[in-house]
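K.L.:
okay, structure incoming, though there's no sequence with it:
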């Protein structure tokens with residue numbers, strides 16, 4: 001079923017139209033899973049957390065005012081869910097951890113097909129995992145979620161200049177991590 005606009009889709013979801021909500025989930029599942037998978041390293045938790053996010057979206061739609069774009073509002077929900085997840089388990093986990101059979105214990109949940117060089121991708125994932133949560137979320141939203149500075153400023157409730165500064169510092173830190181790994 002096609003919807004003429006985001007407003008119509010939201011109205012149909014609010015009216016209890018299950019197909020409309022399925023359409024909303026289909027439209028935003030890549031955004032939700034993409035951001036979560038950059039922050040949460042445990043693959044089993046990514047699916048659970050994404051499901052929790054969509055439940056929060058479903059429950060929150062009646063109170064969505066439309067002051068921001070729907071994608072911005074969803075990003076905020078994802079950001080908050082990721083922050084809550086990290087606060088539940090504050091111990092940072094290394095991607096280098098191994099189980100008893102010397103297999104990797106944690107792996108990023110989504111493989112980014114944009115990187116064809118496996119070694120570089122592995123280095124980048126390890127470097128991103130070392131970033132503070134806020135920087136990791138910004139990097140993920142900007143580079144993997146194609147969000148503009150203005151949207152990021154709204155999502156993270158900070159001035160555009162601060163967004164640019166955080167992104168620049170995060171990229172510098174990523175370069176440092178990657179160079180140290182080599």
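P.N.:
Perfect, I can see it now. Just so you know, these numbers come straight off a predicted model, no measurement behind them.
K.L.:
switch to C-alpha atoms for all contacts and neighbour counts from now on
P.N.:
OK.
K.L.:
quick one, what contacts residue 166?
P.N.:
Applying C-alpha atoms under 8 Å, 6 or more residues apart in numbering to residue 166 gives the contacts 135, 138.
K.L.:
show the average pLDDT along the helix or strand hosting it.
P.N.:
Using DSSP states H and E, residue 166 maps to helix 160-181. Helix 160-181 shows an average pLDDT of 89 in the prediction.
K.L.:
which parts of that helix are buried?
P.N.:
The neighbour-count check on helix 160-181 (16 or more other C-alpha atoms under 10 Å) flags 160, 163, 166, 167, 170, 171, 173, 174, 177, 178 as buried.
K.L.:
go ahead and confirm the fourth one touches residue 137.
P.N.:
No - using C-alpha atoms under 8 Å, residue 167 is not in contact with residue 137, being 10.0 Å away.
K.L.:
if we can go back for a sec, which of the buried residues of helix 160-181 sits closest to residue 56?
P.N.:
Of all the buried residues of helix 160-181, residue 56 sits closest to residue 163, with 26.0 Å by C-alpha to C-alpha.
K.L.:
that closest one is in contact with residue 151, isn't it?
P.N.:
No - the pair residue 163 / residue 151 is not scored as a contact, 9.9 Å apart, by C-alpha under 8 Å.
K.L.:
in this structure, what secondary structure element scores lowest on mean pLDDT?
P.N.:
helix 118-130 (a mean of 75; mean pLDDT, DSSP states H and E).
K.L.:
all set, thanks.
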